[in-house]
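Asker: predicted model and sequence follow; I will ask about them next.
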Amino acid sequence: MVVPRLLQQLDQAFAQSESSLERECLKAERVVAMARLGMMVEARMALGQVKAQLKRQVEPRLQGWATYAEAVLTYTGDHHAPSIRGLFVQAKQLALTAGDQALQAHTSVWLASLDFQEGLWTAFADELIWSMPELCLASSARLELLMARAYSYAGRPEQSAGYYRAAHRLAALDGDTAMIGAIISTRMIFQTDALALEDAFGRCAPEAARRVMIEVESSVNFNAGIGKADRVSWNPMLKAMVCMAMKRYEEATALLETHMRNAMADGLGAHSAYFHAARAWCLWQVGEQEAARRDLVTARAHVADMPDPDDLAATHARIASVMAVMGQAAEAAQHQREAERQLQWLKHQQAELCIQLARVEAERARLLQKSAH
């Protein structure tokens with residue numbers, strides 16, 4: 001088995017270290033790397049060994065790294081696990097106690113990422129601003145990726161592109177293929193979501209769909225090449241959405257029918273309505289009207305489960321389209337009005353996020369200017 005370069009670098013650092021504490025912290029950092037590569041069984045076993053060492057060597061820095069590793073491992077297994085935020089907060093507090101700036105930077109970016117995922121824009125910015133001195137020193141690919149994600153969600157592709165490039169450059173310098181895979185996947189997911197939203201409202205450009213399909217296939221091939229094994233069921237679901245935009249309905253239907261159950265179990269359960277509405281449209285287009293009606297019922301029953309306005313807007317628009325072709329004009333109009341309302345709320349959220357991103361950019365520029373003098 002080929003050992004990924006990131007793990008090789010950690011193993012080399014371990015072999016060269018003369019500090020027992022440093023070696024134990026590197027073991028915890030290796031757990032993080034394995035989790036991010038999708039090596040979940042190996043990561044759990046390694047974390048157990050780190051925790052066993054903690055019973056013999058109670059030290060804030062090692063406790064911090066072990067807690068951080070547990071947090072990342074927990075998050076990788078279940079993005080919605082209730083213990084995740086508490087573990088990252090605890091790891092950050094231990095990093096502060098131990099004076100470990102690298103660990104503080106890691107945990108701050110993760111906490112800001114959780115705030116971003118929950119739509120807590122002010123908290124997201126506050127976390128990054130508070131830790132900006134450490135973040136500027138760390139030159140973190142994860143920070144650059146988080147900024148890229150934020151600008152992608154804010155509908156600012158020009159700004160996000162620069163951050164994706166910066167994240168890719170830093171990850172390449174570190175030999176962090178897991179991070180490169182995450183960068184490619186994240187960019188692809190945001191592009192697919194944006195394309196699907198446009199398609200749901202009937203204004204998708206064919207050339208845009210072809211470009212996104214290239215991104216999807218590139219992401220799948222790269223992550224398969226590095227052996228990244230987590231959430232592989234997501235890729236065909238995303239590819240199905242691009243096939244829809246390209247009006248390849250039979251292919252989209254086959255992908256959704258084959259992979260939906262596994263994808264729901266792999267973390268997409270809250271998006272059940274989104275994918276059932278999409279499949280209902282595809283099924284109607286290929287003449288499977290009764291199956292389309294069943295998916296429509298499921299989509300309408302679960303549409304309120306989704307938290308994000310972009311997904312809500314796309315789903316209501318899809319439902320409206322399906323109901324319109326079924327001849328249910330009045331109910332279709334209701335869903336279309338809700339789709340427009342959610343789209344306006346999305347634009348409001350994007351504007352609010354841009355305000356907070358400006359705060360982060362200003363603080364970063366101030367510190368970089370200060371360090372230059």
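Answerer: Looks like it came in fine.

Asker: so how far is residue 214 from residue 192?
Answerer: The spacing between residue 192 and residue 214, counted by C-beta to C-beta, to the nearest Å, is 12 Å. The C-beta positions use only the backbone N, C-alpha and C, and glycine is treated the same way.

Asker: then residue 240?
Answerer: Counting by C-beta to C-beta - residue 240 and residue 214 are separated by 16 Å.

Asker: neighbour count: residue 192 and residue 214, which is higher?
Answerer: Comparing residue 192 with residue 214 by other C-beta atoms under 10 Å, the one with more neighbours is residue 192, at 23 against 11.

Asker: list the contacts of the more buried one.
Answerer: 212, 215, 216, 238, 241, 242 (C-beta atoms under 8 Å, 6 or more residues apart in numbering).

Asker: got it, and residue 232?
Answerer: Neighbour list for residue 232: residue 223 [criterion: C-beta under 8 Å, 6+ apart].

Asker: that one in helix, strand or coil?
Answerer: Under the three-state scheme (DSSP: H, G, I helix; E, B strand; the rest coil), residue 232 adopts coil.

Asker: which pLDDT does the model give it?
Answerer: pLDDT for residue 232: 76.

Asker: what about it, distance to residue 240?
Answerer: 14 Å.

Asker: on that earlier part again, now, of the contacts of residue 192, which are buried?
Answerer: By neighbour count, with 16 or more other C-beta atoms under 10 Å, these hold 212, 215, 216, 238, 241, 242 as buried.

Asker: list of residues touching the helix or strand hosting the fifth one?
Answerer: Read it as residue 241. According to DSSP states H and E, residue 241 maps onto helix 234-245. Helix 234-245 is contacted from outside by 188-189, 192, 195-196, 198-199, 204, 208-209, 212-213, 216-217, 219-220, 249, 251-253, 255-256, 258-260, 263, 266-268, 275, 278, 281-282, using C-beta under 8 Å, 6+ apart.

Asker: other SSEs contacting the following helix or strand past it?
Answerer: Moving toward the C-terminus from helix 234-245, the next helix or strand (DSSP H and E) is helix 249-263. Helix 249-263 makes packing contacts with helix 234-245, helix 272-285 when contacts are defined by 3 or more C-beta pairs under 8 Å, 6 or more residues apart in numbering; DSSP states H and E.

Asker: need those in JSON lines (columns: distance to residue 364).
Answerer: Shown next, in JSON lines, are these (distance: least, C-beta to C-beta, whole Å):
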{"stretch": "helix 234-245", "distance to residue 364": "32"}
{"stretch": "helix 272-285", "distance to residue 364": "35"}
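
Asker: could you tell me the least trusted of the ones you listed?
Answerer: Among the helices and strands packed on helix 249-263, helix 234-245 has the lowest mean pLDDT, at a mean of 93.

Asker: okay, that one in CSV with CA atoms only?
Answerer: Provided in CSV are the C-alpha atoms of helix 234-245 (Å, rounded to 0.1, in the frame of the first residue of the first chain):
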residue,chain,number,x,y,z
TRP,A,234,-22.1,12.0,-2.6
ASN,A,235,-20.3,12.2,-5.9
PRO,A,236,-22.9,10.4,-8.0
MET,A,237,-25.6,12.4,-6.4
LEU,A,238,-23.9,15.6,-7.4
LYS,A,239,-23.2,14.3,-10.9
ALA,A,240,-26.9,13.5,-11.2
MET,A,241,-27.7,17.2,-10.5
VAL,A,242,-25.3,18.2,-13.3
CYS,A,243,-26.9,15.6,-15.6
MET,A,244,-30.3,17.2,-14.9
ALA,A,245,-29.0,20.6,-15.9
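
Asker: so how many other residues sit close to residue 340?
Answerer: Residues lying near residue 340 (other C-beta under 10 Å) number 15.

Asker: packing partners of whichever strand or helix holds residue 346?
Answerer: Assigned by DSSP H and E, residue 346 belongs to helix 329-372. Contacts defined by 3+ C-beta pairs under 8 Å, 6+ apart place helix 329-372 against helix 121-130, helix 132-138, helix 141-153, helix 309-325.

Asker: not counting sequence-adjacent ones, nearest residue to residue 113?
Answerer: Distances taken as C-beta to C-beta, 6 or more residues apart in numbering put residue 146 closest to residue 113, at 5.4 Å, once the chain neighbours are dropped.

Asker: wait, what's in contact with the one you found?
Answerer: Counting by C-beta under 8 Å, 6+ apart, residue 146 makes contact with 109, 112, 113, 116.
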